[in-house]
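K.L.:
Have a look at this prediction, sequence included:
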Amino acid sequence: MAIREWLRPPRQVLMIFLAVALVSTGVLGWLAWTLIDQDRALENQRRQDQLEATADRAVDAMEQFVARLETILAAPSTGLPDHVSFFAIRAGQVLVQPVGSLPYVPVSGAKPEPRPAIFAEGDRLEFRASDVQGAIRVYQSLSATADPKVRAVALARLGRLYRKAHSPKAALDAYGRLTHLADETVDGIPAGLVGRLGIASTFADGHRETELRDEAAGLSTDLANGRWRLTEAQFRYSTAQVREWGATVSDLTDALTRAEAVAWVWGNPSVNAAARKLLELPDGVALVVWRRAGDDISAVAAGPEFLAELGPKAVPVGFGVALTDQDGRIFASSGPPTRQTAMRAASASLPWTLQVFATSGAVSGSPRRNLLIMLFAGIALVLVSGWYFILRAISRELRVGRLQADFVAAVSHEFRSPLTSLSHVAEMLAHDRFPTEDLRQRSYGVLVRETDRLRGLVEHLLDFRRFDRGAHTFKREPLDVGALLRSVVEEFEARLTSGDHAIDLSIAEGPIQVRADREALARTIWNLLDNAVKYSPSRPTVWVTMARHNGRVVITVRDQGIGIPIEEQREIFGRFIRGSQPKAKRIAGTGIGLAMADEIVRAHGGTIEVASTPGAGSTFSLQLPVFVTAEIPTQETTA
């Protein structure tokens, strides 16, 4: 029964509206999601088709790049791309182009060195007899011979002996002369490198830090540029020395990887006649293309940087490429692969797996999907706006209906009390039930008083109807506010039925005039006084003051009654509005007194405000502009 009662009109209309709104929202959302999802699927398919086509073109382009490497095998002198080295293995030797492009090779180019017997006397004096000076004289003599091979060995040993003898100047001179014998070797090491290492060691012995750093930096540059033909062990030792002396060694990852590729081919003499192979080496990944003719091998090694540049060259702008080895590890990529890719597996022509993916702006978004989103967003905005205003209107009607019902109940209660008194007295008079003439005369007074009360209620309602329709006419004339306020208070006190309340009136000295409708302004003050007495039944005093402030007259009515909560103060001047506490305490009222007061005050160019604390009372402040020139004739205005 309670649910049926709650759902009766107009709430029934609200429930129907909410049901329709929810259903239409669900249908619209489902339709929008379905269409957008279908368009997304079509877009993904279109993007995948573009990726597949781009992957095919990338494979073709890469095969052409790799095929160009094979042409170098037949004519290595035609020019090599960056980060690519040509090498040939013939008769146990490794030939490299460009010369110096690799930091080391599997075998050194050491030339035959002099017979050890030539240096036997020097070795005896140095190691057996510990005669350093005698050994120096032997090697000085050998360093002056015509044979450059003998001179190179003699100068290297001479430099070592001078360091033992603590003769750095002589040691530097010997090592310096050794560096000029660049084509010779000492113990399989290029004489130029032995001389440079000796010079740096001499600086290190003498703690000549500045000269040591400069020499080590120059040595690091020469090692990076492949100035000497070294084996891996010689290169690693030399770079370790350079680092120990505080110099920075250049990043040689790409060159080291190519050198490791050459070493792999050298260490696998049974390689196929022709092949392409991707090698995973300690310093990186390299591509090796070779041909074999008997024991001779011609090959090209492409380093990691060549492979990293290969992908972007094979695809148009807006696409990325990732190359992966046989274990699925990415060794070259133009960016992080996205979830949607096109893949091409490794083959004989391309020894790696290729992934092509779209980067930002590669595949344009669907204009149709954008249009759908905008369309459904517009429809949703219109629907939400319409639902908001409809719901607001329904809520307002529900509120107005509730307020009107409260108003009718309040008016009925207001009319019931005097009608009950009139009916009771009239019945007693009709049946002559008054025992004395004095009681009969008093009953006539009750009839007059209750009749006046009914007439006042009716006039009050009629005035409110005129205000509500904007048909009330104000007769504005100059008025002494103090005199008007005093007369209203005196009349109100005379109407009080008991002595429970007193009005404390305080009026500013001197006449203060306003242009106002006497009857309307008096009714406003009367309503404020009536509310103050009605809502402070246990507080006997109501304070009324009048003062002048900034060209306006201020009338305040203050009580110490039940007060008004802050959330109700904003709406207290609305039509049919009554506070929650008066309803709970069953205090009589219609909810139109303050609404009429607000209309009257605003029609006179003034304002009315309330300040209240629940349980501590309320203060209503009425402000009107002061009338200065009293000669202006009376005017009528319509509210």
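P.N.:
Cool, the structure landed.
K.L.:
where do the helices sit along the stretch 501-639 of the chain?
P.N.:
Along the stretch 501-639 of the chain, the segments classed as helices by DSSP state H, counting those that start in this stretch run 518-534, 566-569, 580-584, 593-603.
K.L.:
which residues touch the longest one?
P.N.:
Surrounding helix 518-534, the residues in contact under the criterion Cβ atoms under 8 Å, 6 or more residues apart in numbering are 463, 472, 474-475, 477, 479, 484-485, 487-489, 492, 496, 501, 503, 514, 542, 544, 555, 557-559, 561, 587-589, 593-594, 596-597, 600-601, 603-604, 618, 620, 622. For every residue, glycine as well, the C-beta is placed using N, CA and C.
K.L.:
Neighbours of the residue lying closest to Asn225 once chain neighbours are set aside, how many?
P.N.:
The spatial neighbour of Asn225 that comes closest, neighbours along the chain excluded (Cβ to Cβ, 6 or more residues apart in numbering), is Gly100 at 5.8 Å. Gly100 sits with 15 neighbouring residues when counted by other Cβ atoms under 10 Å.
K.L.:
Give me the three-state assignment for Gly100.
P.N.:
The assignment at Gly100 comes out as coil when based on DSSP: H, G, I helix; E, B strand; the rest coil.
K.L.:
Of the helices of the stretch 501-639 of the chain, which is nearest Gly284?
P.N.:
Put simply, out of these the one that sits nearest Gly284 is helix 566-569, at 74.3 Å, with distance taken as Cβ to Cβ.
K.L.:
how close does the residue nearest to Gly593 when sequence neighbours are not counted get to Val242?
P.N.:
Using Cβ to Cβ, 6+ apart and skipping the chain neighbours, the partner closest in space to Gly593 is Asn527 (4.1 Å). When Cβ to Cβ, to the nearest Å is applied, the distance between Asn527 and Val242 equals 103 Å.
K.L.:
contacting residues around Val356?
P.N.:
Contact partners of Val356, counting by Cβ under 8 Å, 6+ apart, are Leu51, Thr54, Ala55, Ala58, Val315, Phe319, Gly320, Val321, Thr341, Ala342, Met343, Arg344.
K.L.:
one more time with 10 Å
P.N.:
Taking Cβ atoms under 10 Å, 6 or more residues apart in numbering as the definition of contact, the neighbours of Val356 are 50-59, 311, 314-315, 319-322, 334, 337, 341-344, 362.
K.L.:
are any of those residues buried, and which?
P.N.:
Among those, those scoring as buried are 50-51, 54-55, 58-59, 311, 314-315, 319-322, 334, 337, 341-342, 344, 362 (criterion: 16 or more other Cβ atoms under 10 Å).
K.L.:
still on that earlier bit, select only the buried ones of the contacts of helix 518-534 in PyMOL?
P.N.:
To isolate the buried subset of these in PyMOL, counting by 16+ other Cβ under 10 Å, use the following:
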select buried, resi 463+472+474+477+479+484+485+488+489+492+501+503+514+542+544+555+557+558+559+561+587+589+593+594+596+597+600+601+603+604+618+620+622
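K.L.:
In strands only, show me the contacts of helix 518-534.
P.N.:
For the contacts of helix 518-534, the ones inside strands are 474-475, 477, 479, 503, 514, 542, 544, 555, 557-558, 618, 620, 622, with DSSP state E as the criterion.
K.L.:
Just give me the closest of the residues you listed to Ala259.
P.N.:
If you rank these by distance to Ala259 using Cβ to Cβ, Ser618 comes first, at 97.0 Å.
K.L.:
now the strands for the stretch 1-150 of the chain?
P.N.:
If you assign secondary structure with DSSP state E, counting those that start in this stretch, the strands in the stretch 1-150 of the chain sit at 84-90, 93-97.
K.L.:
Many thanks, we can stop here.
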